[in-house]
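Visitor: Predicted model follows, preceded by the sequence.
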Amino acid sequence: MQTFDNAAAGSIVLSIADRIIENRAYLSEIDGKIGDGDHGVNMAKGFGIAAERLKDKPASLADALDALGTALMTEIGGSMGPLYGVMFTEFAGKLQGIDAVDAGAYSRMLHAGLEGIQSIGSAKVGDKTMLDTLVPAVEAFDAAHAQGASFGDALQRLVEAAETGRDTTLNLVAKIGRASRLGERSLGVLDAGATSCALILKELSLGARTRLR
């Protein structure tokens, strides 16, 4: 059975922060078409603060995710700080006390994060939000695992489903948040939250995949 070492995987969070910071301008550009235009700036700020706190301090993946979630909830405004903050703190909670993370633990982590987001928001799949990325990604991972795929293969299917889900937002009308006021004019633009969520899930899952043994 494939697993990865929780204690040695905290640097995955630094890699996630790097991807968000690299894509700061892109995420804000997307957001500017139908939203406030500050998604990339706010996300880069929060992830950058977390990275500074974690830099040169060995941490488990659970502890690093908790630090990231706390930074996002306390340091950035708007809706995405609380949403991503609760997702990461819920991720962390499911990994605390686990030495070797297997596919079952990873699935429980994903579900906890999803449920955390759903507990503080009313969005659902099809509303042109981050859930259009997260829900199909979780479902793809679970389906692959249930079908007997290896942990590594299930992670790859998660990434593919996340990116496909992100791309579906091009053809959706926003029903939540500021973009919802644009109605049909929100068509043809990727949702910024769905896009950042795909980046996060890819980096998290690739980081786990490269550590499997």
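Guide: Arrived safely.
Visitor: Count the neighbours of residue 83 for me.
Guide: 23 (other CB atoms under 10 Å). C-beta here means a position set from N, CA and C on the backbone, and glycine is covered the same way.
Visitor: Correction: the previous question concerned residue 163.
Guide: 18.
Visitor: Just to check, it is in contact with residue 202?
Guide: Yes - using CB atoms under 8 Å, residue 163 is in contact with residue 202, at 7.3 Å.
Visitor: mind checking how far the nearest residue to residue 150 once chain neighbours are set aside is from residue 143?
Guide: Among residues not flanking residue 150 along the chain, residue 2 sits closest, at 5.8 Å (CB to CB, 6 or more residues apart in numbering). Computed as CB to CB, to the nearest Å, the residue 2 to residue 143 distance reads 17 Å.
Visitor: Neighbour count for the two, which is higher?
Guide: residue 2 (18 against 14).
Visitor: which SS class is the more buried one?
Guide: Assigned with DSSP: H, G, I helix; E, B strand; the rest coil, residue 2 falls in the coil class.
Visitor: Per-residue pLDDT of it, please?
Guide: In this model, residue 2 is scored at 98, pLDDT.
Visitor: Enumerate every residue touching residue 53.
Guide: Shown in contact with residue 53 (CB atoms under 8 Å, 6 or more residues apart in numbering): 67, 71.
Visitor: can you tell me how far it sits from residue 92?
Guide: 14 Å.
Visitor: what does residue 211 give?
Guide: 17 Å.
Visitor: So for these two, which sits in the more crowded spot?
Guide: Neighbour tally, residue 211 and residue 92, criterion other CB under 10 Å: the higher count belongs to residue 92, 24 against 18.
Visitor: moving C-terminal of the helix or strand hosting the more buried one, what's the next helix or strand?
Guide: Element membership for residue 92, per DSSP states H and E: helix 80-95. Along the chain past helix 80-95, the next helix or strand (assigned with DSSP H and E) turns out to be strand 100-101.
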